[in-house]
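> With the input below, show me the fold.
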Amino acid sequence: MLTELPSSVKKALRGWDIANRVKDYNGWLGRIRQDSRDYDHTETVNNYYSLCSEFMTWGWNDSLHFAPLAPGESLQDSIVRHQRHMIKSLQLQEGMRVIDVGCGIGEPMRRVARESGARVLCLNNNEQQLEKAKEKSLEAGLDHLAEYIKCNFMDMSPIEADSFDAGYAIESTCHAPDKKHAFAEIFRVLKPGALFWGQEMCLTDEFDPSNSRHLSIKDELMQGIALSEIATFAEVNQALEAAGFQVIEAGDKSVRETGPSRPWYEPMEIVSGPLGSFSRKTLLGRRMIIGFFRLTEAMRIFPKGSIEIVQLMDRTAEAYIAGGKTGIFTPLYCFLAQKPL
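Coordinates of the predicted model:
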């Protein structure tokens, strides 16, 4: 709710020099390319989510990921359907112990717990998001099915090997500076025979590294989403197999397997439905929101520097749309893999 946003933003960013934090974030890609020896991408990703999470959940929803869209279907309904597909693919049941690698604020975990009865370990290296996940699970009456650990998925040494019956990672391991190593850490904590479902942001086969427009869009995506690199489909599969997984199925789910589809980026581009459903996700909506935040920041309703975050997210939305329209990028490369018995 918009009425709740100012207080949640103030709470999340209390004591911060927001404008300087955004400025520091905006320079990360240049720093890694100039001299990567002292660069820590974990810090960049943490900064990104700390700055943007409250705005993301307000502007998108509590499930901070994309989903394949059917005609006439709301974004929320498509996300629910997509999460149910994951639950079915992982064969989740009551009594199983599951790991959510990079849980965000925990909405996928809550659906998993609510609909399967499985107990979920929520892993996140961002303390702000992890605390929000705890609060929301408690409000939903699902805290008895949730565990939490503040941990970097590049080093899950605090977690015992062979501990989980299944695992999933939704748009989280795309941030890994070394995808093979991230998958190897997940492989280690899963039991033999366990299934692992993932959703990756990827470059498609349409990407041409000699095309300057394609390279420019790729840079904008990396900059805006804090991706140290964007893998191809083949590179994701190779990293899984190098970590020891057997890939059961993998493919770009931005197009539905049955029935007609809408572009995955459509919610950020056009308004559907009556005027009353005017969307803050769309181009016109974002322009109006920027004006709104400029005014409310001047009135001190939002903390100083909030407009910088909103503009950062607007540029990122434009990069998403460009990546989708050119066909060179998808946030919906999904796979099901298994740790061999």
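> which other helices and strands contact the top helix by length along the chain?
As assigned by DSSP state H, the longest helix anywhere in the chain is helix 306-326. Packing partners of helix 306-326 (3 or more CB pairs under 8 Å, 6 or more residues apart in numbering; DSSP states H and E): helix 18-26, helix 41-59, helix 212-225, helix 283-298, strand 329-338. (C-beta placed from N, C-alpha, C; glycine too.)
> closest to Glu249 out of these?
Nearest of the helices and strands packed on helix 306-326 to Glu249, taken as CB to CB: strand 329-338 at 5.0 Å.
> other SSEs contacting that closest one?
On a contact count with 3+ CB pairs under 8 Å, 6+ apart, strand 329-338 meets strand 190-203, helix 212-225, helix 233-243, strand 246-252, helix 306-326.
> shouldn't Gly104 be in contact with Asn125?
No: counting by CB atoms under 8 Å, Gly104 does not reach Asn125; the two are 11.6 Å apart.
> So which of these two has more stuff around it?
More crowded of Gly104 and Asn125, by other CB atoms under 10 Å: Gly104, with 26 against 21.
> wait, is the more buried one part of a helix?
No: counting by DSSP: H, G, I helix; E, B strand; the rest coil, Gly104 is located in no helix; its state is coil.
> Contact partners for the spatially most central residue of the chain?
Nearest residue to the geometric centre of the chain (CA atoms, centre = their mean): Glu171, 4.0 Å. For Glu171, the contact set (CB atoms under 8 Å, 6 or more residues apart in numbering) comprises Leu64, His65, Phe66, Gly102, Gln199, Glu200, Met201, Pro331.
> Spatially nearest residue to the fourth one (excluding sequence neighbours)?
Of all residues beyond its chain neighbours, the one nearest Gly102 is Ser172 (2.5 Å), with distances taken as CB to CB, 6 or more residues apart in numbering.
> Over to the one you found: give its phi and psi.
phi -120, psi -50 (degrees, to the nearest 10).
> That one: neighbour count?
Neighbour number of Ser172 under other CB under 10 Å is 24.
> Can we start the residue count at 28 from this point?
With 28 as the first residue, the last one maps to Ser199.
> Please report the distance of the closest residue to Glu247 other than its chain neighbours from Gly251.
Closest residue in space to Glu247, ignoring its immediate chain neighbours: Ala346 at 3.8 Å, by CB to CB, 6+ apart. Distance of Ala346 to Gly251, computed by CB to CB, to the nearest Å: 5 Å.
> And for Ala349?
Distance from Ala349 to Gly251, by CB to CB: 11 Å.
> same question, Arg283
For Arg283, the distance to Gly251 - CB to CB - is 26 Å.
> Compare the two (neighbour count), which wins?
Gly251 (22 against 17).
> Quick check: chain neighbours aside, which residue is closest to that one?
Distance criterion CB to CB, 6+ apart; nearest residue to Gly251, sequence neighbours excluded, is Thr343 at 3.2 Å.
> Likewise for Gln338?
Leaving aside its chain neighbours, Gln338 sits nearest to Ile317 (6.5 Å; criterion: CB to CB, 6+ apart).
> Surely the one you found and Glu335 touch.
No: assessed by CB under 8 Å, Ile317 is found out of contact with Glu335, at 10.7 Å.
> Which residue of those two possesses the greater neighbour count?
A count of neighbours by other CB under 10 Å puts Glu335 above the other of Ile317 and Glu335, at 20 against 15.
> Thought Ile45 was touching the more buried one, still the case?
Yes: under the criterion of CB under 8 Å, Glu335 makes contact with Ile45 at 6.3 Å.
> Kindly state the pLDDT recorded for Thr309?
If you check Thr309, the pLDDT there is 55.
> In this structure the residue nearest to Gly129 contacts Phe180, no?
Yes: Ser199 is within contact range of Phe180, at 6.9 Å (criterion: CB under 8 Å).
> what sits in contact with each of the two?
Taking CB under 8 Å, 6+ apart as the criterion, Ser199 and Phe180 both touch Val128, Gly129.
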